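Asker: Quick one, structure for this:
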Amino acid sequence: MSKVLLINGSARPNGCTAAALKEMIGALEKEGIETELIQLGGKTVRGCISCGRCAQIGRCVFDDCVNELAPKFEAADGLVIGSPVYYGSPNGTLLSFLDRLFYSTPFSKQGKVGAAVVSCRRGGNTASFDVLNKYFTISSMPVASSTYWNQVHGFTSEDVQKDLEGLQVMRNLARSMAFLIRAIGDAKEKYGLPMLEREAFTSFPDGK
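Answerer: Down below sits the predicted model:
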């Protein structure tokens, strides 16, 4: 059975972001997709220090929730990242986690389906949405889309329940993600994944 890992970057396990993710979970499970929700917000996660040790040992040098969740990410067919908006950007703890998770893990993310979900009271959603999607697009992960940007509005989870369009977007997003996972699985079996070139690395070492 295909599986989607959902990460709640909000420190409030029953807040607005959780309400959006739970709406997705209901729709994913109706599509026959197994789900697991990880409560990341509220944990202590330090940022990457660019030590490069992960390239040598195959994991982050800081042995915390990043290394703990890496095998779950590797085994999953899809990843949903949910975050509230803080000053027009995702939760800082979540960003530290994602920087280290994506950089330190040696396994290929190619073909895993990604989706970002953001919540806010009024503004900053699209900027945060853009930041989160970049983790997918740099990793050869197809990005699932919906019928609007993947966002809900509200100050409380009760407010989010009144955002009927936002909840509709979450359900459509889940169904789109389930379809992509199945389609990629079929194509991978029939054609294999696309070839990735890695030889070129432009760094302008001559200073020109």
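Asker: what about this structure, any weak spots by pLDDT?
Answerer: Filtered on pLDDT under 70, the chain yields the residue ranges 207-208.
Asker: For it, which segments count as helices?
Answerer: Here the chain has its helices, by DSSP state H, at 16-30, 54-57, 65-75, 92-104, 125-137, 157-162, 164-191.
Asker: give me every residue that touches the most centrally placed residue in the chain.
Answerer: Here the mean C-alpha position of the chain is nearest to the C-alpha of Ile81 (C-alpha atoms, centre = their mean), at a distance of 3.1 Å. Shown in contact with Ile81 (C-beta atoms under 8 Å, 6 or more residues apart in numbering): 7, 9, 94, 98, 114-117, 132, 135. (Glycine included, C-beta is placed from N, CA and C.)
Asker: Return the most buried member of the helices of the chain.
Answerer: Sort those by mean neighbour count, taking mean count of other C-beta atoms under 10 Å, and helix 16-30 sits at the top with a mean of 22.
Asker: Other residues contacting that helix?
Answerer: So helix 16-30 is in contact with 4, 6, 8-10, 12, 35, 37, 41, 80, 82-84, 117-120, 152, 154-157, 159-161, 166-167, 170-171, 173-175, 177-178, going by C-beta under 8 Å, 6+ apart.
Asker: what about the closest residue to Gly88 other than its chain neighbours, how many neighbours?
Answerer: Counting by C-beta to C-beta, 6 or more residues apart in numbering, Gly124 is the residue found nearest to Gly88 once chain neighbours are left out, at 4.0 Å. Neighbours of Gly124 under the rule other C-beta atoms under 10 Å: 18.
Asker: mind putting the helices of the chain in a markdown table, distance to Thr147 included?
Answerer: As requested, the helices of the chain are exported to a markdown table (distance: least, C-beta to C-beta, whole Å):
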| stretch | distance to Thr147 |
| --- | --- |
| helix 16-30 | 13 |
| helix 54-57 | 38 |
| helix 65-75 | 27 |
| helix 92-104 | 25 |
| helix 125-137 | 14 |
| helix 157-162 | 17 |
| helix 164-191 | 5 |
